[in-house]
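Undergrad: just coords:
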């Protein structure tokens, strides 16, 4: 057994009480607490990643229709941390599987009155049945693909709801280079990280799924975010349907 597998097994064993709590169905209670932590995290993350987010979302206007407002579907909207980066006049539809975000979401809606908010639906990225086929110009997904249960299905749903020529915007932390200590740390810490990150996985090679999703054009960059080492590797960009 490699050292990475050994220490991952040790951490997993230490997480036995958490495994049992989840097996007993009691982990769902954490979903009420998670939004409190995430609201603080996203405020700090936005300050650190302000330049990267501004640069990414500057391209949103390119996908506005000839008539009518730009319609954005944000999958896994959380607290609404991206709203401040959207251009004025956008129509925003929000989905998130955790209904307990609504307190913080409402606060950000009130702060960002340059947007029109169409709806909020409690839905996972894998099942966007509340959104019609080819009905949105842009789908936004930031720090979400790390925790969906089926990344390929989430991307299929995004492509389904996008109109032809629309775009899927993403900013996601990903697995590090296998030769790095960060990669080692990511795998060792993952058993515990899963619980405290509400299902988040830091070991996902998300770019591979994006490359195989079927976009007609994919603008993808690997960057090193100026944040904690375990989530420093990111991919950012957008794919066109």
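TA: Here it is on my side, so go on. All values derive from a computational prediction rather than experimental measurement.
Undergrad: state which helix of this protein is the longest.
TA: For the chain, the longest helix by residue count, based on DSSP state H, is helix 30-48.
Undergrad: buried sites along that helix?
TA: For helix 30-48, burial by neighbour count (16 or more other Cβ atoms under 10 Å) applies to 34-35, 38-39, 41-42, 45. Placement of C-beta: from N, CA and C, glycine included.
Undergrad: quick check: of the residues you listed, which lies closest to residue 104?
TA: Lowest distance from residue 104 to the buried residues of helix 30-48 (Cβ to Cβ) belongs to residue 39, with 4.8 Å.
Undergrad: that closest one and residue 104 touch, don't they?
TA: Yes. Proximity of residue 39 to residue 104 meets the contact threshold set by Cβ atoms under 8 Å, at 4.8 Å.
Undergrad: what do those two both touch?
TA: Counting by Cβ atoms under 8 Å, 6 or more residues apart in numbering, the contacts common to residue 39 and residue 104 are residue 79.
Undergrad: give me the mean pLDDT for stretch 13-29.
TA: Regarding stretch 13-29, the rounded mean pLDDT is 82.
Undergrad: what is the distance between it and the centre of its chain?
TA: 24 Å (Cα atoms, centre = their mean, to the nearest Å).
Undergrad: which parts of that stretch are buried?
TA: Residues of stretch 13-29 classed as buried by neighbour count (16+ other Cβ under 10 Å): 15, 18, 21, 27.
Undergrad: what does that stretch contact?
TA: The list of residues contacting stretch 13-29 from outside it, by Cβ under 8 Å, 6+ apart, reads 12, 191-192, 195.
Undergrad: swap the cut-off to 10 Å and go again
TA: Residues outside stretch 13-29 that contact it (Cβ atoms under 10 Å, 6 or more residues apart in numbering) are 12, 30, 190-196, 198-199.
Undergrad: any chance of the residues you listed in JSON lines, plus distance to residue 229 and secondary structure?
TA: Converted to JSON lines, the contacts of stretch 13-29 look like this (distance: Cβ to Cβ, whole Å; DSSP: H, G, I helix; E, B strand; the rest coil):
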{"residue": "12", "distance to residue 229": "21", "secondary structure": "helix"}
{"residue": "30", "distance to residue 229": "24", "secondary structure": "helix"}
{"residue": "190", "distance to residue 229": "14", "secondary structure": "helix"}
{"residue": "191", "distance to residue 229": "18", "secondary structure": "helix"}
{"residue": "192", "distance to residue 229": "15", "secondary structure": "helix"}
{"residue": "193", "distance to residue 229": "13", "secondary structure": "helix"}
{"residue": "194", "distance to residue 229": "18", "secondary structure": "helix"}
{"residue": "195", "distance to residue 229": "20", "secondary structure": "helix"}
{"residue": "196", "distance to residue 229": "16", "secondary structure": "helix"}
{"residue": "198", "distance to residue 229": "20", "secondary structure": "coil"}
{"residue": "199", "distance to residue 229": "21", "secondary structure": "coil"}
